[in-house]
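In: have a look at this prediction, sequence included:
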Amino acid sequence: MISMDRNTSPKSPLSKEQIIKAVNRTNIEVYPEEELTRFKRLYAERNGFSPENIEVANGSDEWLQKIIMTLGKNGVMSLNPDFFMYQIYTNQVGFRYYSVPSREDYSFDYDLTISEIKAKKPSVFFISNPHNPTGVLLPSHFINELADAMKSIGGYLVIDEAYGEFALDHPVPEGEHIIIVRTMSKVYGLAGLRIGIVIAKGKTYETITRINHPYPLNSLTLNLGSEILSNEAQLNDWFEYQKKLQQSLADAFETVRRHIKIKPTHTNFVFTYGDKAKDLYEYLYKNGYRGRVYDEPNLKNAARFSIIDEDEYPRLKELITEWGKSYD
Ligand SMILES: Cc1ncc(COP(=O)(O)O)c(C=O)c1O
């Protein structure tokens with residue numbers, strides 16, 4: 001079965017030789033101090049941040065949880081749908097969770113969202129942008145309005161950019177009320193290493209990192225992350241490759257747009273919906289390609305599929321085309 005349900009890369013960006021090199025340079029008898037400093041410096045340089053505004057943890061998931069634990073006391077709000085873990089982590093600590101429902105076509109009512117913020121006054125608003133599960137890039141005017149609304153009630157806006165590298169040039173608002181969460185699990189292709197990154201300023205940075213462990217990631221993970229970050233040309237080629245896989249995925253589904261609805265993707269997956277979307281999902285599943293479907297009632301007519309190895313696309317496209325013909 002080919003997995004299209006995890007939003008991860010089908011391949012590793014690091015060769016076996018590079019992995020061995022990183023293992024060999026790892027001093028497992030000491031705590032990871034230099035390794036952490038080096039990783040932060042390399043990540044900051046690559047992404048145009050300052051190392052002192054960056055901290056790492058075990059996956060961006062850990063940051064989502066930490067942010068809720070430290071800042072979420074007066075309630076957490078997000079869109080519905082959005083990344084499910086926002087609600088799960090809020091429930092874990094017993095804080096109030098609010099959500100703003102999408103329209104039937106999975107677009108969002110921006111004015112309603114702002115008025116809900118003003119009415120409920122949550123302490124944190126989480127938004128994934130590019131958005132999971134729809135894959136769209138929400139417009140910067142909406143993100144700015146969210147930021148202003150959260151600032152006006154003394155709260156915080158968390159912009160979860162798990163798929164940020166797939167979307168070119170999307171400016172983000174700045175200030176101590178903004179927290180950016182990133183990961184190396186998606187475009188970097190390193191989900192197994194669990195490298196999550198947070199970027200925040202001033203007192204906000206201090207508050208969310210206050211509950212950190214002294215050594216948040218192990219030396220080998222940090223050295224492997226640094227290995228890819230220190231090879232700029234290789235990383236650029238890798239990003240291009242990921243975007244090529246994204247394009248092949250979008251092209252494969254485009255062939256049946258007359259039967260299902262497809263959101264424009266700014267991520268490593270495509271989101272399909274409509275009364276025949278589940279049928280296509282089942283057809284692909286029967287033929288060895290496993291997408292992602294949902295139990296939630298508002299997503300019952302939706303299915304999501306993430307990138308696969310380039311060798312698997314011709315068969316995928318053939319299957320999708322074949323399925324489309326059965327409805328013509
Ligand atoms: C929007 C979003 N945020 C965060 C995560 C968690 O990523 P990780 O914990 O691997 O860094 C995911 C994973 O699918 C995601 O889709």
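Out: Here it is on my side, so go on. Numbers count the residues shown, from 1 in each chain.
In: could I get the full set of helices for the stretch 201-328 of the chain?
Out: With DSSP state H, counting those that start in this stretch applied, the stretch 201-328 of the chain shows helices at 202-209, 219-229, 232-254, 277-286, 313-325, listed in chain order.
In: now the second one against helix 232-254, angle please.
Out: What it means is helix 219-229. 80 degrees (axes from the mean of the first three to the mean of the last three Cα atoms, to 10 degrees).
In: what helices or strands is helix 219-229 leaning on?
Out: helix 16-24, helix 34-47, helix 232-254 (3 or more Cβ pairs under 8 Å, 6 or more residues apart in numbering; DSSP states H and E). Where you see a C-beta, it was placed from the backbone N, CA and C, and this is true even at glycine.
In: neighbouring contacts of it?
Out: With contact meaning Cβ atoms under 8 Å, 6 or more residues apart in numbering, helix 219-229 is reached by 13-14, 18-19, 21-23, 25-28, 30, 32, 35-36, 38-39, 42-43, 46, 56, 184, 188, 190, 193-195, 234-235, 238.
In: buried subset of those?
Out: Among these, those buried by neighbour count (16 or more other Cβ atoms under 10 Å) are 13-14, 18, 22, 26, 32, 35-36, 38-39, 42-43, 56, 184, 188, 190, 193-195, 234-235, 238.
In: tell me who's in contact with the closest residue to G291 other than its chain neighbours.
Out: Sequence neighbours aside, F305 is the residue nearest to G291 in space, at 4.2 Å (criterion: Cβ to Cβ, 6 or more residues apart in numbering). Applying Cβ under 8 Å, 6+ apart, we find F305 in contact with M4, D5, L249, F253, F269, V270, T272, L284, Y289, G291, R292.
In: out of the helices of the stretch 201-328 of the chain, deepest packed?
Out: Comparing those by mean neighbour count (mean count of other Cβ atoms under 10 Å), helix 219-229 ranks first with a mean of 22.
In: distance of Q87 relative to E62?
Out: 17 Å (Cβ to Cβ, to the nearest Å).
In: picking that back up, out of the helices and strands packed on helix 219-229, nearest to L112?
Out: helix 232-254 (29.4 Å; Cβ to Cβ).
In: near the ligand, which residues of this structure?
Out: Taking Cβ under 6 Å from any ligand atom as the measure of proximity, the chain contacts the ligand at 7, 59-61, 83, 128, 132, 160, 162, 183, 185, 191, 196.
In: tell me how the chain divides into domains.
Out: 2-9+233-325, 27-231 (automatic domain parsing).
In: with mean pLDDT as extra columns, can I get those domains in a markdown table?
Out: Formatted as a markdown table, the domains of the chain follow (pLDDT from 0 to 100):
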| stretch | mean pLDDT |
| --- | --- |
| domain 2-9+233-325 | 98 |
| domain 27-231 | 97 |
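In: which element is the nearest residue to N212 once chain neighbours are set aside on?
Out: Distances taken as Cβ to Cβ, 6+ apart place E55 nearest to N212, at 6.7 Å, with adjacent residues excluded. Element membership for E55 (DSSP states H and E) is strand 54-58.
In: what's in contact with that strand?
Out: Residues contacting strand 54-58 (Cβ under 8 Å, 6+ apart): 36, 39-40, 43-44, 63, 66, 194-199, 205, 208-209, 212, 216-217, 222.
In: in strands, which of the contacts of F305 fall?
Out: If you go by DSSP state E, the contacts of F305 have F269, V270, T272, Y289 in strands.
In: residues near the last one, how many?
Out: In other words, Y289. Residues lying near Y289 (other Cβ atoms under 10 Å) number 21.
In: and it, bridged to which residues?
Out: On the basis of DSSP bridges, Y289 is bridged to I2.
In: try the first one
Out: Partner residues in beta bridges with F269: S306, with DSSP bridges as the criterion.
In: so it touches S306, yeah?
Out: Yes. Contact status for F269 versus S306: in contact at 3.9 Å, counting by Cβ atoms under 8 Å.
In: between the two, what contacts are shared?
Out: Joint contacts of F269 and S306 (Cβ under 8 Å, 6+ apart) are M4, N7, L249.
In: wait, which of the residues you listed is closest to E312?
Out: M4 (9.1 Å).
In: show me what contacts the closest one?
Out: Taking Cβ under 8 Å, 6+ apart as the test, what M4 contacts is F269, L284, Y289, R290, G291, R292, F305, S306, I307, I308.
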